[in-house]
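# let me see the structure of the following:
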Amino acid sequence: MARVAARLSTDGKQSTHPVDEVLPLPKLALYGFQHVLAFYAGAVIVPIIVGSALKLSPEQLVYLINADLFTCGIASIIQAWGIGRIGARLPLIQGVTFTAVSPMIAIGLGAGGGTAALLVIYGAVITAGIATFAFAWLPAKAFRAVMRLFPPVVTGTVITVLGVVLIPVGLNDAAGGLGSPDFGEPKNFAYAGGTMLFILVLMKLGRPFLSSIAILLGLVVGTGVAFLLGDAKFGDVAKSDWIGVTTPFHFGVPKFEWFPIVLMLIVMLITMVETTGDTYAVGDITGKEVDSETVARALRADGAATALGGVLNSFPYVAFAENVGLVRMTKVKSRFVVVAAGVFMIVLGLLPKAAAIVAAVPHGVLGGAATVMFAMVALAGIQTLGKVDLKEEKNALIVGVSLAFALLPATVPVFFTEHMDADLSSLLNSGVTLGATAAIVLNLIFNGPAKDDAHGAAPEEGAKALAGAEVDTAPGSGAPAEGVVADAVPATVPAQAPAAAPATEKAGDADPSPSPSSS
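Below is the predicted model of the structure:
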């Protein structure tokens with residue numbers, strides 16, 4: 001097995017879990033950069049969409065992108081490394097949530113557009129971030145009561161919805177990117193198909209190390225081929241500045257208005273469901289036990305990052321589902337890979353030229369890789385739903401109807417754009433919002449809140465699949481290496497309903513307040 005660093009967890013014990021594995025520096029750099037490329041398009045698309053809708057100048061748009069990357073890096077380090085009881089200490093990348101796009105545009109246009117609109121948006125973002133941060137510090141009993149709303153049938157459905165909603169985003173990139181002059185041209189699909197085929201061949205036939213960086217190699221090779229054929233342009237690199245420093249409140253002092261704040265608070269409620277689902281999903285993938293305190297730490301990181309985003313001219317942050325799919329594909333579970341990715345993002349945020357190089361990856365190439373990853377996100381949700389008894393008609397209805405609601409905005413967009421109040425549309429015109437809301441409401445109707453001990457452990461077979469030994473399995477080997485080193489977690493993996501204290505907690509450690517779990 002690769003070298004494992006003996007690290008002291010928050011309760012004073014040594015941790016030899018794969019999540020806490022410190023890889024050699026070259027591997028950390030490669031795997032970290034792969035995460036950056038995997039999430040790059042999703043990270044920059046939000047400031048591009050919002051900035052374009054608000055009629056910002058090209059210079060202001062570039063500043064928004066650099067500010068976003070810089071804050072993404074800081075937020076990801078907080079989430080993966082952890083600061084005290086803030087951060088899940090799992091391989092979770094933080095990125096700007098798509099859920100906030102429509103509400104932010106509605107807020108901005110209502111404020112008249114331009115940089116004046118950004119000030120109103122940032123006031124709402126800062127307030128919502130502080131509120132989320134405060135919520136995650138609720139006393140243990142109160143927080144666990146809230147977590148009872150998110151049993152496996154809800155979190156599994158939400159993760160599946162995320163993947164299903166994101167797949168069309170990848171396919172649009174594969175077609176050349178929405179709004180591009182060559183959208184839908186066969187050459188774009190050729191680049192996407194070639195990139196996807198290259199990745200799949202590496203995953204099937206490549207050695208363990210090559211398999212683990214298949215996404216990175218696919219993007220590099222695809223971009224190289226596109227450059228040779230004249231379809232990858234690096235002209236913007238020469239035009240970009242060498243250094244671009246993000247400063248707090250660059251566009252002015254934020255404005256705090258009640259309706260934008262209420263709208264952003266609702267957005268953060270949805271992102272909390274997303275982060276909760278992603279945290280449990282990556283816990284399942286890595287074999288790391290996730291309890292209510294882990295979720296609370298992840299949400300605190302979300303809140304802190306969102307408030308920081310408003311200060312540093314960025315937007316609300318959430319655990320990025322795209323990178324959960326990448327962790328599943330590569331089986332590289334070390335959270336320090338995400339820390340390395342965070343360092344890369346900070347550098348990209350300070351070096352516009354470096355960011356311009358990464359931005360030169362053609363849409364078709366990016367779409368081919370993204371579609372594979374988004375499909376893996378959906379699969380992570382399906383894996384979580386494997387813990388649910390879908391033979392029970394009520395559970396099957398929760399999943400099926402929620403998926404139907406999630407597809408409504410993409411299938412009948414005219415309903416939201418022409419037959420609904422603009423403010424209401426800005427909130428509901430999102431597959432994730434509708435799907436997550438439907439899952440929570442339907443679960444409450446059919447099942448009610450989960451009991452404290454509901455779904456306390458996965459079925460024995462599922463637990464074995466998730467907690468299989470990994471002592472001699474190299475990352476990315478293709479073997480089912482989704483488990484943990486012996487003694488790292490209990491013999492059974494807790495399901496998503498965060499019930500009582502973890503099974504590994506010693507009697508002497510019992511405390512009515514949540515204590516940080518081992519990391």
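
# so where do the helices sit in the stretch 251-400 of the chain?
Here the stretch 251-400 of the chain has its helices, by DSSP state H, counting those that start in this stretch, at 258-286, 292-311, 321-330, 335-350, 352-359, 363-385, 393-411.

# list the buried ones in the first one?
Neighbour-count burial for helix 258-286 flags 260-261, 263-264, 266-286 (criterion: 16 or more other Cβ atoms under 10 Å). Where you see a C-beta, it was placed from the backbone N, CA and C, and this is true even at glycine.

# rewinding a little: between the helices of the stretch 251-400 of the chain, which one is closest to Arg148.
helix 292-311 (9.5 Å; Cβ to Cβ).

# how about that closest one: buried residues?
292-311.

# check stretch 318-328 too.
318-328.

# would you mind writing the CA trace of that stretch as CSV?
The C-alpha trace of stretch 318-328 is given here as CSV (Å, rounded to 0.1, in the frame of the first residue of the first chain):
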residue,chain,number,x,y,z
VAL,A,318,-21.3,24.3,-2.0
ALA,A,319,-19.5,20.9,-2.0
PHE,A,320,-19.1,20.2,-5.7
ALA,A,321,-20.8,17.0,-7.0
GLU,A,322,-18.5,16.9,-10.1
ASN,A,323,-15.5,16.1,-7.9
VAL,A,324,-17.4,13.5,-5.9
GLY,A,325,-17.7,11.7,-9.2
LEU,A,326,-14.0,12.1,-9.8
VAL,A,327,-13.1,10.5,-6.4
ARG,A,328,-15.3,7.6,-7.3
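
# any idea how far it is from the chain center?
Relative to the centre of its chain, stretch 318-328 is centred 5 Å away, using Cα atoms, centre = their mean, to the nearest Å.

# could you pull up the mean pLDDT of that stretch?
Averaged over stretch 318-328, pLDDT sits at 78.

# identify the residues contacting Val311.
Applying Cβ atoms under 8 Å, 6 or more residues apart in numbering, we find Val311 in contact with 122, 126, 248-249.

# test my guess that Thr157 contacts Leu385.
Yes. The pair formed by Thr157 and Leu385 meets the contact definition of Cβ atoms under 8 Å, at 7.0 Å.

# for Val46, find the nearest of the helices of the stretch 251-400 of the chain.
helix 292-311 (10.7 Å).

# measure how that closest one sits relative to helix 258-286, angle-wise.
On the basis of axes from the mean of the first three to the mean of the last three Cα atoms, to 10 degrees, helix 292-311 is oriented at 130 degrees to helix 258-286.

# separation between the residue lying closest to Ala145 once chain neighbours are set aside and Ala281?
Nearest non-adjacent residue to Ala145, counting by Cβ to Cβ, 6 or more residues apart in numbering: Pro449, 7.7 Å away. Going from Pro449 to Ala281 by Cβ to Cβ, to the nearest Å gives 21 Å.

# could you do Leu118 as well?
33 Å.

# still on that earlier bit, now list the buried members of the contacts of Val311.
Applying 16+ other Cβ under 10 Å to the contacts of Val311 flags 122, 126 as buried.

# mind listing which of the contacts of Val311 are in helices?
Counting by DSSP state H, these place 122, 126 in helices.

# from the contacts of Val311, which is closest to His419?
Distances from His419 to those, taken by Cβ to Cβ, are shortest for Tyr122, at 31.2 Å.

# tell me who's in contact with the closest one.
249, 251, 254, 310-311, 313.

# one more time with 6 Å
Tyr122 is in contact with 254, 310, counting by Cβ atoms under 6 Å, 6 or more residues apart in numbering.

# against Ala136, how distant is it?
21 Å.

# mind listing residues that contact stretch 152-162?
Contacts for stretch 152-162 (Cβ under 6 Å, 6+ apart): 273, 277, 280-281, 321, 377-378, 380-382, 384-385, 387-388, 395, 398-399, 402, 406, 435-436, 439-440, 443, 455, 495-496.

# please repeat the previous calculation with a cut-off of 8 Å.
273-274, 276-278, 280-281, 321, 324, 377-378, 380-388, 395, 398-399, 402-403, 406, 431-432, 435-436, 439-440, 443, 447, 455, 495-497.

# just the mean pLDDT for that stretch, thanks.
Stretch 152-162 carries an average pLDDT of 85.

# how far does that stretch sit from the chain's center?
14 Å.

# try stretch 34-49
A distance of 11 Å separates the centroid of the chain from that of stretch 34-49, by Cα atoms, centre = their mean.

# got the contact list for Pro91?
So Pro91 contacts 19, 80, 282, 286, 323, 327, 332-335, 337-338 (Cβ under 8 Å, 6+ apart).

# swap the cut-off to 6 Å and go again
Pro91 makes contact with 327, 335, 338 under the criterion Cβ under 6 Å, 6+ apart.

# element containing it, please.
Assigned by DSSP states H and E, Pro91 belongs to no helix or strand.

# for the one 4 residues further on, same thing?
For Gly95, the enclosing helix or strand under DSSP H and E is strand 94-96.

# what average pLDDT does that strand get?
88.

# next, the residue nearest the centre of the chain: phi, psi?
With distances taken as Cα atoms, centre = their mean, the chain has Phe320 as the residue nearest its mean C-alpha position (1.0 Å). When quoted as degrees, to the nearest 10, the phi and psi of Phe320 stand at phi -80, psi 120.

# what of Ser430?
phi -150, psi 120.

# could you look up the SS state of the residue nearest to it when sequence neighbours are not counted?
Closest residue in space to Ser430, ignoring its immediate chain neighbours: Thr99 at 5.5 Å, by Cβ to Cβ, 6+ apart. Under DSSP: H, G, I helix; E, B strand; the rest coil, Thr99 falls in the helix class.

# now do the strands in the stretch 101-250 of the chain.
Assigned by DSSP state E, counting those that start in this stretch, the strands in the stretch 101-250 of the chain number zero.
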